[in-house]
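Trainee: Here's a sequence, model it:
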Amino acid sequence: MNKGLLGFFTIFIALFVGAFYYSNTIQSPIISSLNYIKSTFNDSLEAIKNKIQTHTFQAEHIESLNTKLQKYENNHLVMQQLASEINDLFEENHSTLKTDPKVELVRTISYEKFGDFNRIWLDIKDYNSSKIYGLTYKELVAGIVIDYKGKPLGLLNKDIKSSYSVEIGKEKAPGIAHGNNSQNLVVNFIPAWFEVNEGDEVTTSGLDNIFFKGLKVGKVISVSSAQGYQNAVIEPYYKTKSPNYFHMIRRIK
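Mentor: From the prediction side, this is the model:
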């Protein structure tokens, strides 16, 4: 290449670079195109990253649920085996006793009345309106199910008509728990000769054919006496206001 042609190309490149650097007319469309490409690339990269994170989270969540399901299935099988052995033991000893508990998941439909968070309509298949059923939430006593207007109505712990048999403390002091439409529950008709103290745990007695024995209700926060009995105010463990599902005890034995 001769010196004249080389000089021409050098001057042309210098002029082009100078024009590109100083001229908005040339810069603007090129920079806009580059920015669009970078923006599109970053958006795509972010979308892929979010997809990966979502997939990873879902995979971890599914794995966690599968682990819990296996654990529950294992516990269920163990309980079935224990119930079977107990029933066999009863038969061996010519006993008429039999254990065959039944619990099922039920769904919340809506509150029975606007502003009353203690009464909820429930979706229950094969509902027997002649019985009262126990409601639990995450292994805590939540309330009972009664028939109301021909439909299953859940009365949560704080409702004044929600009542069931309980035991208190190490001495297993018997009593009847019910709501009082406030933050706490009340246990009445506790015999005076039982020692009941603040902090004692309250559990179901299983003697009312509603709940299994030993389900957790709450703790005693105060004790008083009246008409030969003791009364205790209970802080309930179950405090959720808007659950979507409960477990209902259809049969305790």
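Trainee: so how many other residues sit close to the nearest residue to M248 once chain neighbours are set aside?
Mentor: Nearest non-adjacent residue to M248, counting by C-beta to C-beta, 6 or more residues apart in numbering: V106, 4.7 Å away. In short, each C-beta sits where N, CA and C put it, glycine included. V106 is flanked by 21 other residues according to other C-beta atoms under 10 Å.
Trainee: Which strand residues bridge V106?
Mentor: V106 forms beta bridges with F246, as assigned by DSSP bridges.
Trainee: Tell me if I'm right that it and Y127 touch.
Mentor: No. Using C-beta atoms under 8 Å, V106 makes no contact with Y127, being 9.4 Å away.
Trainee: who touches both of the two?
Mentor: Taking C-beta atoms under 8 Å, 6 or more residues apart in numbering as the contact rule, V106 and Y127 both touch P152.
Trainee: list the buried ones in stretch 209-225?
Mentor: 210-212, 215-220, 223 (16 or more other C-beta atoms under 10 Å).
Trainee: which two in those are spaced the farthest apart?
Mentor: For the buried residues of stretch 209-225, the maximum inter-member distance is 25.9 Å, found between F212 and V223 (C-beta to C-beta).
Trainee: domains of this structure?
Mentor: According to automatic domain parsing, the chain comprises the domains 1-99, 102-157+242-251, 163-236.
Trainee: Show me the shaky parts of the stretch 151-253 of the chain.
Mentor: 241 (pLDDT under 70).
Trainee: Show me the helices in it, by range?
Mentor: Here the stretch 151-253 of the chain has no helices by DSSP state H, counting those that start in this stretch.
Trainee: give me every residue that touches Y229.
Mentor: 188-192.
Trainee: Can you name the residues bridging to it?
Mentor: P191, A226.
Trainee: swap in the one 4 residues further on?
Mentor: When assigned by DSSP bridges, V233 has beta-bridge partners V186, S222.
Trainee: show me what contacts it?
Mentor: 184-186, 220-223.
Trainee: check contacts around the residue nearest to M248.
Mentor: 122-124, 135, 152, 245-248.
Trainee: ok, now with 7 Å
Mentor: 122-124, 245-246, 248 (C-beta atoms under 7 Å, 6 or more residues apart in numbering).
Trainee: Strands of the chain, residue ranges please.
Mentor: 102-113, 116-123, 133-137, 140-148, 151-156, 163-168, 173-179, 185-191, 201-204, 216-226, 229-236, 245-251 (DSSP state E).
Trainee: Out of the ones you listed, which is closest to E91?
Mentor: strand 245-251 (19.3 Å).
Trainee: tell me which residues in that closest one are buried?
Mentor: 246, 248-250.
Trainee: nearest to Q230, of these?
Mentor: Nearest member of these to Q230, counting by C-beta to C-beta, is I249, at 27.8 Å.
Trainee: right, and the closest one touches E139 too?
Mentor: No. Taking contacts as C-beta atoms under 7 Å, I249 lies outside contact range of E139: 11.8 Å.
Trainee: Give the bridge partners for V166, please.
Mentor: G175, T204.
Trainee: Now do the contacts for it.
Mentor: V166 touches 175, 177, 187, 202-205, 217, counting by C-beta under 7 Å, 6+ apart.
Trainee: For ChimeraX, what selects the buried ones among those residues?
Mentor: What follows is the ChimeraX syntax for the buried subset of the contacts of V166, where burial is set by 16+ other C-beta under 10 Å:
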select :175,177,187,202,203,204,205,217
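Trainee: Dump the contacts of V166 to TSV, plus distance to D147.
Mentor: Shown next, in TSV, are these (distance: C-beta to C-beta, whole Å):
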residue	distance to D147
G175	25
A177	21
V187	25
V202	27
T203	26
T204	21
S205	23
V217	23
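Trainee: I figured I109 hits D123, correct?
Mentor: Yes. Between I109 and D123 there is a contact under C-beta under 7 Å: 5.4 Å.
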